[in-house]
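A.B. asks: Any chance you could fold what I've pasted below:
(chains A and B)
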Amino acid sequence: MSLLEKIKNSIIEMEPELTVELTQSALAEGIAPMEIVAGGLISGIEIVGVKFKNDEVFLPEVMMSAKAFKDGFAAVSPKLKDSGYEPKGRVLIGSVKGDIHDIGKNIVIALLQGNGYEVHDAGVDAPPERFVDMVREIKPNVVGMSALLTTTMAFMRDTVSALKDAGLRDSLKIIVGGAPVSADFAKEIGADGYGEDAGEAVDLVKSLLAS
Amino acid sequence: MIFNKLDVVSTQEIERILDTSYRILEEVGFKYEWDWALELLEKRGCKVDMAKQIACVPRSLTLEAVANMKPLASPQDYPKIFWAPWIGMNIIDFETKTKRAGTLNDCRNVINLVNHLENISVSSTGVVPQDVPIEISDIYMAELLFKYSEKIVTTWTYTIESAHDLVEMAKAVTGGEDELRGSRMINYLAEPVSPLKLSKHSLEIMKVYGELDQPINMGPMVQVGTTGPATLAGSVALQMAENLAGLVYLYCLGSNSPMALGGPMQTSDMRTGRCLYAAPELSLIHLALVACAHHLGFMSGCTSGLTDSNCMDFQSGWDRGLSMMLLWAAGSESIGMRGEIGGGEGFCLESLVVENEMGGMLRVLSEGILVNDDTLALDVIEKVGIGGNYLMEKHTMRHARDFWQPGVFTQDTFDKYWSEPKPIEQRARERVEKILTENSLELQVSEDVAAEIDRIVSRRVKAAGLQ
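C.D. replies: Model prediction:
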């Protein structure tokens, strides 16, 4: 079995430490960083993605595979700088002001990272100003907002307004999610999309960036 | 009558679970996100890391709090309490097969309906009204409940400002602070953020209500496999630790709030991480929570009567019936009549009517079998003897109306039913329409009190700069 095949399998088998070890071995053997990413890491996570959609792997397993991808990618990324590699997209995500729930946000982050997106975490209880400041600094393609509480949903609207006021709204897509949030609410506050669960959030980011 | 016989954990296992909860609080600690609360806990012997806002609670303090706080009700406080506290974002309309955002009018309809559903003891608004500014929708919900509910109410409090407004409304209804203190006007559901955190605003609200001795139901929502361990025993231990963290805080405040322990735990669909509203494991953990709460001498406030089904089908009936029956059999003091449908997607008036019917059956079960000379009826049996019948006996006349009667359930013959078939949701809809058409929402407080409540709402709207 080739080293790239082993990297791919280590992701499918949810073994982050092995993924890092194999990635470092591949670099030491002189395999091109782009080839390691495309032929090993991405090949593995794509198979996991299909299995996840087919209910063949469960959420904790897909998160562990995503961690393997993320750790493997971190090991190879310093060598990627000059290779022209670009992440699939850049996403900023946070739980809005007043909301300290982070499990949903963290699951989405893990799955996005596992799908090759560069993700920046605005944390919890993130006021609109923090989103604005981070958008200016990071220049994401997508901003994601999470809320678990009825009362904090309102800050999604405020954040959209703050991004508009700062003249940043048109440069990015906005997605929302969380237990009390709905597709109608997303539309009402001027967001571009709503994901019912983490898997849907990843699909949403993919489709928004493709469009 | 013999109740409370269904045990899923032995006394030894309950003690082991609780021992783990005490160890979690002592060794891992609990995050109280309010410095004032941390200072209070530190004075009572907790080891506090102010920078991390974590307090490690010594077992001795937890046990002292358990011994001194009062239960909201005891297992012997029958009849059971049938709750309708689900408050969702959407109303589900079976006629159009759609869900839409709740409105103030929906809240009025739910209160009106619950006023006339004979087997539901506690009222709520069913939905969050979204035709008012959502950040103060809790004020509007409280306004409607205080003014129009004929029953005990439960609602949400979003912020400390809302807590003060609700207290002011409750004082207007009861007649003042002393009267409020002796009442059970505000049933607050204190919700730690699992794992092991209480937000500043929750702690502030608990302080306001706790100092007025209002009932506090601890409602952590550990989700097995995501915000709790993927094993039932570990998640129950974590859930009880979060319950006890709230109880210790209230004890240190010097609160006399009567309390219920337990809360609405959830299991996860491990394929997607989605919260589940009905599953066999969910019933098991709630049964264990009832056992833990009772072991500590507290009323249990656990979830039942929920479904993941999106319609009123066999699954919906089974999901609700199974969880309600199991909690009933375990001696839970409160059983849920929730009106919820579709795994928390929304509130359905028709479903609440059906659940009310199920509640009626549970009430009969709760009454048990009365055994005395009259009910054994030996004299009548001797009189009728062998053959014959009991239909015309005076004893039968006296007891003929003792039996449960269906409202929206059917006991028709096959031919009669199919001559004019009406599915359960249609029969339930007809009862909803009948109740809402024939009954207008009547003020339950004086005009003066209603005006005072309106003044508090208007003041809040103005203060928030909202319309």
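A.B. asks: Find the residue ranges of chain B scoring beneath the pLDDT cut-off.
C.D. replies: Flagging of chain B using pLDDT under 70 yields the residue ranges B:1-4, B:74-80, B:85, B:467.
A.B. asks: What are the neighbouring residues in contact with the residue in it that chain A sits nearest to?
C.D. replies: Nearest residue of chain B to chain A: B:Tyr158, at 4.0 Å (CB to the nearest CB). All C-beta atoms are positioned from the backbone trio N, CA, C, and that covers glycine. The contact partners of B:Tyr158, by CB atoms under 8 Å, 6 or more residues apart in numbering or on different chains, come to A:149-151, B:135-138, B:201.
A.B. asks: ok, now which ones touch residue 90?
C.D. replies: Since you didn't name a chain, this refers to chain A. Contacts of A:Arg90 (CB under 8 Å, 6+ apart): A:117-120, A:138-142.
A.B. asks: try chain B instead
C.D. replies: When contacts are counted by CB under 8 Å, 6+ apart, B:Asn90 is found next to A:182, B:99-102, B:127, B:345-347.
A.B. asks: Give me the phi and psi for it.
C.D. replies: For B:Asn90, the backbone dihedrals are phi -120, psi 150 (criterion: degrees, to the nearest 10).
A.B. asks: A:Gly193 too?
C.D. replies: Dihedral angles for A:Gly193 - degrees, to the nearest 10 - are phi -170, psi 160.
A.B. asks: Next: A:Val91.
C.D. replies: Phi and psi for A:Val91, reported as degrees, to the nearest 10, are phi -120, psi 130.
A.B. asks: quick one on the thing from earlier: apply the buried test to the contacts of A:Arg90 and list what passes.
C.D. replies: Among the contacts of A:Arg90, those buried by neighbour count (16 or more other CB atoms under 10 Å in any protein chain shown) are A:117-120, A:140-142.
A.B. asks: Show me what residue of chain A gets nearest to chain B.
C.D. replies: The nearest approach of chain A to chain B comes at A:Thr151, 4.0 Å away (CB to the nearest CB).
A.B. asks: Can you pull up the residues of the stretch 51-200 of chain B that come close to chain A?
C.D. replies: B:89-90, B:100-101, B:128, B:133-135, B:137-138, B:156, B:158-159, B:193, B:197, B:199 (CB under 8 Å from any CB of the partner chain).
A.B. asks: run the last query once more with 7 Å
C.D. replies: Contact residues (CB under 7 Å from any CB of the partner chain) of the stretch 51-200 of chain B with chain A: B:89, B:101, B:128, B:134-135, B:137, B:158, B:193, B:197, B:199.
A.B. asks: Show me those that map onto strands.
C.D. replies: Applying DSSP state E to these, the entries found in strands are B:101, B:197.
A.B. asks: buried subset of the residues of the stretch 51-200 of chain B next to chain A?
C.D. replies: B:89, B:101, B:128, B:134-135, B:137, B:158, B:193, B:197, B:199.
A.B. asks: Reformat those as TSV; add distance to B:Pro258.
C.D. replies: Formatted as TSV, these follow (distance: CB to CB, whole Å):
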residue	distance to B:Pro258
B:Met89	30
B:Ala101	35
B:Val128	27
B:Ile134	31
B:Glu135	30
B:Ser137	27
B:Tyr158	23
B:Val193	24
B:Lys197	24
B:Ser199	23
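A.B. asks: quick one: which two of the residues you listed are the most distant?
C.D. replies: B:Ala101 and B:Lys197 (29.4 Å; CB to CB).
A.B. asks: Tell me who's in contact with B:Leu203.
C.D. replies: Contact analysis of B:Leu203 by CB atoms under 7 Å, 6 or more residues apart in numbering or on different chains lists B:32, B:34, B:37, B:249.
A.B. asks: Now it: which helix or strand?
C.D. replies: B:Leu203 belongs to helix B:200-211 when elements are defined using DSSP states H and E.
A.B. asks: List the buried residues of that helix.
C.D. replies: So for helix B:200-211, counting by 16+ other CB under 10 Å, buried means B:200-211.
A.B. asks: The longest helix anywhere in chain A - what's its average pLDDT?
C.D. replies: Across chain A, the longest stretch assigned as helix under DSSP state H is helix A:59-76. On average, the pLDDT along helix A:59-76 is 90.
A.B. asks: ok, residues contacting that helix?
C.D. replies: A:7, A:10-12, A:14-16, A:19-20, A:23-24, A:27, A:33, A:36-37, A:41, A:44-45, A:48, A:52, A:107, A:110-111, A:113-114, B:270-273.
A.B. asks: Of the residues you listed, keep whichever come out buried.
C.D. replies: Using 16+ other CB under 10 Å as the burial test, those include A:7, A:10-12, A:14-16, A:19-20, A:23, A:27, A:33, A:36-37, A:41, A:44-45, A:48, A:52, A:107, A:110-111, A:113-114, B:270-273 as buried.
A.B. asks: Next step: those restricted to helices.
C.D. replies: Using DSSP H, the buried ones among the contacts of helix A:59-76 in helices are A:7, A:10-12, A:16, A:19-20, A:23, A:27, A:33, A:44-45, A:48, A:52, A:107, A:110-111, A:113-114.
A.B. asks: Make sure B:Ala428 is actually in contact with B:Leu349.
C.D. replies: No: taking contacts as CB atoms under 7 Å, B:Ala428 lies outside contact range of B:Leu349: 8.0 Å.
A.B. asks: Contacts only, for the residue nearest to A:Ala198 when sequence neighbours are not counted.
C.D. replies: Leaving aside its chain neighbours, A:Ala198 sits nearest to A:Ile107 (4.4 Å; criterion: CB to CB, 6 or more residues apart in numbering or on different chains). By CB under 7 Å, 6+ apart, A:Ile107 lies in contact with A:63, A:198, B:273.
A.B. asks: what kind of secondary structure is A:Met145 in?
C.D. replies: Each residue gets one of three states, and A:Met145 gets strand by DSSP: H, G, I helix; E, B strand; the rest coil.
A.B. asks: Test my guess that it contacts A:Lys173.
C.D. replies: No: look at A:Met145 against A:Lys173 with CB under 7 Å: they stay out of range, at 11.8 Å.
A.B. asks: Tell me which helix or strand B:Arg459 sits in.
C.D. replies: Per DSSP H and E: B:Arg459 is located in helix B:447-463.
A.B. asks: mind listing what's buried in that helix?
C.D. replies: B:449-450, B:452-453, B:456-457, B:460-461.
A.B. asks: Just send these back as JSON lines, with distance to chain A too.
C.D. replies: Shown next, in JSON lines, are the buried residues of helix B:447-463 (distance: CB to the nearest CB, whole Å):
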{"residue": "B:Val449", "distance to chain A": "27"}
{"residue": "B:Ala450", "distance to chain A": "26"}
{"residue": "B:Glu452", "distance to chain A": "25"}
{"residue": "B:Ile453", "distance to chain A": "21"}
{"residue": "B:Ile456", "distance to chain A": "18"}
{"residue": "B:Val457", "distance to chain A": "17"}
{"residue": "B:Arg460", "distance to chain A": "14"}
{"residue": "B:Val461", "distance to chain A": "14"}
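A.B. asks: Which residues of chain A lie near chain B?
C.D. replies: Counting by CB under 7 Å from any CB, chain A comes close to chain B at A:55, A:58-60, A:100-101, A:103, A:107, A:150-151, A:153-154, A:180, A:182, A:184, A:197-199.
A.B. asks: What residues of the top strand by length along chain B count as buried?
C.D. replies: When chain B is parsed with DSSP E, its longest strand is strand B:258-263. By neighbour count on 16+ other CB under 10 Å, the buried set for strand B:258-263 is B:258-263.
A.B. asks: Would you agree B:Leu282 falls within a helix?
C.D. replies: Yes: checked against three-state DSSP, B:Leu282 lies within a helix.
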